[in-house]
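>>> 3D model of this:
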Amino acid sequence: MSGTVTASVNRLLGWPAEGALRRGEAIAIRAQSFFYSLHKLYNNKTGLLSQEAIVLHDKHGQIIAHELLRGQDVDQPCDGCGIPSYQYPQTGTYRPLNMFELPGFPYPLVLMDTSTVEGQALSLFTFMPNGQTTWFRAYEYVVHC
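Down below sits the predicted model:
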């Protein structure tokens, strides 16, 4: 992502431009198409994930829609799960595996790993034209004690 795109996301989310512990990445099918950027903001003192966002951009980097999850460091995401931390970048709500363009959907769908320690799950995620998110999740409970 360019510095301009990152700066516009920081303004949108109300995150500081510098001095914060964060991670960011982008996923796209091809150049000159829609892309998603994923952003994680961590507590500087504890290293725990405090906010997480997914942002849909057009091919020029302009923001179309976003979802921001706050208070990620307040409670465990599932029974037996720890709060995601900077030490383990693969943790968090948005863990993309692949991205698809399908007829009938205005924006690309992202295949995400939404598994927990209790079960395996895959989810399809996208935004609707009104800016709302939509998820479809296939879950298999597989906990072994």
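
>>> what's the helix or strand for the residue nearest the centre of the chain?
With distances taken as Cα atoms, centre = their mean, residue 94 lies nearest the centre of the chain, 3.4 Å away. Assigned by DSSP states H and E, residue 94 belongs to no helix or strand.

>>> residues touching it, list them.
Counting by Cβ atoms under 8 Å, 6 or more residues apart in numbering, residue 94 touches 38, 52, 54, 110, 112, 125. Every residue, glycine included, has its C-beta placed from N, CA and C.

>>> And it, how close does it get to residue 6?
To residue 6, residue 94 is 16 Å away according to Cβ to Cβ, to the nearest Å.

>>> how about the contacts of residue 94, which pair is most distant?
52 and 110 (14.1 Å; Cβ to Cβ).

>>> So what's the gap between stretch 35-50 and the chain middle?
Here stretch 35-50 is found 10 Å from its chain centre; the criterion is Cα atoms, centre = their mean, to the nearest Å.

>>> repeat for stretch 21-34
Distance, stretch centre to chain centre, for stretch 21-34: 11 Å (Cα atoms, centre = their mean).

>>> residues in contact with that stretch?
In contact with stretch 21-34 (Cβ under 8 Å, 6+ apart) are residues 1, 6, 9, 15, 35-44, 47, 56-59, 64, 86, 89, 96, 99-101, 107-108, 110.

>>> before we move on, what about stretch 75-93?
Contact with stretch 75-93 is made by 21, 23, 40, 42, 46-49, 52, 69, 72-73, 114, 116-118, 143, as judged by Cβ under 8 Å, 6+ apart.

>>> and these, which are buried?
Neighbour-count burial (16 or more other Cβ atoms under 10 Å) is assigned, among those, to 21, 40, 42, 47-49, 52, 72-73, 114, 116, 118.

>>> Which neighbouring elements make contact with the worst-scoring helix or strand of the chain on mean pLDDT?
Within the chain, no helix or strand scores below strand 133-141, which has a mean of 88 by mean pLDDT, DSSP states H and E. Under the contact definition 3 or more Cβ pairs under 8 Å, 6 or more residues apart in numbering; DSSP states H and E, strand 133-141 sits against strand 119-127.

>>> Having no further points to raise, I will conclude here.
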